[in-house]
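Trainee: Sequence and predicted model, in that order:
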Amino acid sequence: MISVRSTARFADFGGARASQWIFVAAVLVALATPGAADARTAQMLRPGAYDGTWNVLFATERGNCSSTNSVPFAVSGTRVSSAGGGKVTGGISRGGVVSVNISVGASKASGSGRLVGNSGTGRWSGIITGDRCSGSWQATRS
């Protein structure tokens, strides 16, 4: 049975106390719900579809450069870097479109293409030991 006294306490819960509890509840919900920054951080830490070490074979089609050269690349998330042998910087999209810059001593080249699954292809051009050269590349994930 509900007494007049308990009804009076419930009625007293309205007004200022009710707004305090609503504020506390809103704060708890906000703390429990991940924000946009948390979602971006989680996405950056999540492994990418192309993560790993890629062996890239460069073939020269124009210019007086070595006919083939192989360089390992490392992919982590949306970043491409060197896995040994020269400085490699670049990026890769979720769809596998890749763009890189490579430098070894005075030689510099850039390339772009696409990775699909465990392989990829593309084009490159640069100045290698003083000669302007260009060609294609093929990549396989190790």
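Mentor: Structure's in. What do you need? In this text the structure is predicted, and so the values were computed from the model without any measurement.
Trainee: care to break this protein down by domain?
Mentor: Domain segmentation of the chain under automatic domain parsing yields 4-33, 52-141.
Trainee: Is it possible to get TSV of those that adds mean pLDDT and mean neighbour count?
Mentor: Where C-beta positions appear, they are placed from N, C-alpha and C, glycine not excepted. Output for the domains of the chain, formatted as TSV (pLDDT from 0 to 100; neighbours: other Cβ atoms under 10 Å):
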stretch	mean pLDDT	mean neighbour count
domain 4-33	40	9
domain 52-141	95	16
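Trainee: what ranges do the strands span in the protein?
Mentor: Along the chain, counting by DSSP state E, strands occupy 52-62, 68-76, 79-82, 87-92, 97-104, 107-116, 119-128, 131-141.
Trainee: partners of the closest residue to residue 125 other than its chain neighbours in the sheet?
Mentor: Using Cβ to Cβ, 6 or more residues apart in numbering and skipping the chain neighbours, the partner closest in space to residue 125 is residue 134 (3.8 Å). In this structure, residue 134 bridges to residue 62, residue 125 when assessed by DSSP bridges.
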